[in-house]
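Undergrad: no letters, just coordinates:
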Ligand SMILES: [Zn+2]
């Protein structure tokens with residue numbers, strides 16, 4: 001998600017390391033001490049062999065695959081039909097997500113990304129069938145990169161142990177091949193389960209959500225998740241984001257659950273209307289920003305917050 005914030009954290013950790021007498025205390029980042037989030041207590045945990053991941057069954061034949069040991073706390077979703085499964089994002093690529101999916105289903109797997117930031121495409125390379133949006137941003141990211149991946153391992157980023165055999169120096173987002181282009185309105189048939197693609201550009205140009213209409217599930221990617229929503233990268237378009245969240249809010253009456261891609265997997269659909277109201281208040285200049293990193297600010301409206309470029313909030 002965020003290089004500047006990582007640099008900030010690096011500075012804080014450096015400060016802590018230089019002043020703390022006990023190294024072990026300083027080595028545990030604050031975000032990590034706050035885990036687990038209380039919401040996980042009510043979720044049904046599923047046993048798997050790899051301690052890097054935690055898996056929760058969050059809806060009928062839907063698994064949330066959570067990576068709590070890295071600051072992004074990324075969540076990927078494995079959604080099962082009768083004939084095949086869809087993997088909505090492949091996480092950080094730090095441990096072996098393909099092995100986890102093999103423990104959860106024998107069905108053939110189609111990968112689709114909520115968007116192609118590095119923390120959501122890390123294990124794409126391990127899969128043969130990958131659907132993608134037809135954008136330059138998607139194609140550029142499919143070539144892989146090293147810089148964003150390396151930054152994920154910076155000071156304060158890791159909580160607990162990295163997987164055995166993982167080589168931090170070699171860590172990079174490996175390239176992958178898009179096998180099929182998809183677009184807004186496409187329906188993906190998994191056999192007895194249909195997922196609708198909703199293009200929701202804004203966070204990135206290739207951001208999408210998935211609607212499982214029959215089960216009332218909205219997979220919201222990074223367009224909404226229950227933590228500070230990051231809208232400051234150069235590829236973020238605030239006008240597009242405003243239009244996208246309006247579109248999602250209109251779906252709320254048909255939805256039972258919103259499933260985002262960071263921190264906590266389950267939210268109530270009522271949050272979508274509050275998201276729109278909060279974002280409109282920010283853009284109307286009604287909310288005072290709090291400085292974050294240089295050139296970035298945070299706007300907080302009740303439980304919803306946005307991290308944005310400074311002096312860019314208004315219409
Ligand atoms: Zn993202």
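TA: Noted; the coordinates are in hand. The model shown is predicted, which means the values in this text are computed figures rather than measured ones. Numbering: from 1, shown residues only.
Undergrad: enumerate the residues of the protein near the ion.
TA: Contact residues, the chain versus the ion (Cβ under 5 Å from the ion): 117, 222. All C-beta atoms are positioned from the backbone trio N, CA, C, and that covers glycine.
Undergrad: for the chain, which segments count as helices?
TA: 3-19, 23-26, 30-33, 97-104, 136-141, 147-151, 238-251, 270-283 (DSSP state H).
Undergrad: mind putting these in JSON lines, mean neighbour count and distance to residue 294 included?
TA: Formatted as JSON lines, these follow (neighbours: other Cβ atoms under 10 Å; distance: least, Cβ to Cβ, whole Å):
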{"stretch": "helix 3-19", "mean neighbour count": "15", "distance to residue 294": "7"}
{"stretch": "helix 23-26", "mean neighbour count": "11", "distance to residue 294": "24"}
{"stretch": "helix 30-33", "mean neighbour count": "13", "distance to residue 294": "21"}
{"stretch": "helix 97-104", "mean neighbour count": "19", "distance to residue 294": "34"}
{"stretch": "helix 136-141", "mean neighbour count": "16", "distance to residue 294": "25"}
{"stretch": "helix 147-151", "mean neighbour count": "16", "distance to residue 294": "17"}
{"stretch": "helix 238-251", "mean neighbour count": "18", "distance to residue 294": "19"}
{"stretch": "helix 270-283", "mean neighbour count": "19", "distance to residue 294": "20"}
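Undergrad: mind putting these into a markdown table with mean pLDDT?
TA: Below are the helices of the chain laid out as a markdown table (pLDDT from 0 to 100):
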| stretch | mean pLDDT |
| --- | --- |
| helix 3-19 | 51 |
| helix 23-26 | 49 |
| helix 30-33 | 92 |
| helix 97-104 | 98 |
| helix 136-141 | 98 |
| helix 147-151 | 95 |
| helix 238-251 | 98 |
| helix 270-283 | 98 |
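Undergrad: TSV for those, including distance to residue 197?
TA: Shown next, in TSV, are the helices of the chain (distance: least, Cβ to Cβ, whole Å):
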stretch	distance to residue 197
helix 3-19	29
helix 23-26	45
helix 30-33	32
helix 97-104	21
helix 136-141	13
helix 147-151	25
helix 238-251	12
helix 270-283	18
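Undergrad: which one of those helices lies nearest to residue 183?
TA: helix 136-141 (11.6 Å; Cβ to Cβ).
Undergrad: figure out how far the closest one is from the centre of its chain.
TA: Averaging C-alpha positions (Cα atoms, centre = their mean, to the nearest Å) puts helix 136-141 18 Å from its chain's average.
Undergrad: okay, now whichever residue of the stretch 151-300 of the chain sits closest to the ion: neighbour count?
TA: Closest approach between the stretch 151-300 of the chain and the ion, counting by Cβ to the ion: residue 222, at 3.9 Å. Residues lying near residue 222 (other Cβ atoms under 10 Å) number 26.
Undergrad: look up how far residue 27 lies from it.
TA: Distance check for residue 222 against residue 27: by Cβ to Cβ, to the nearest Å, it reads 29 Å.
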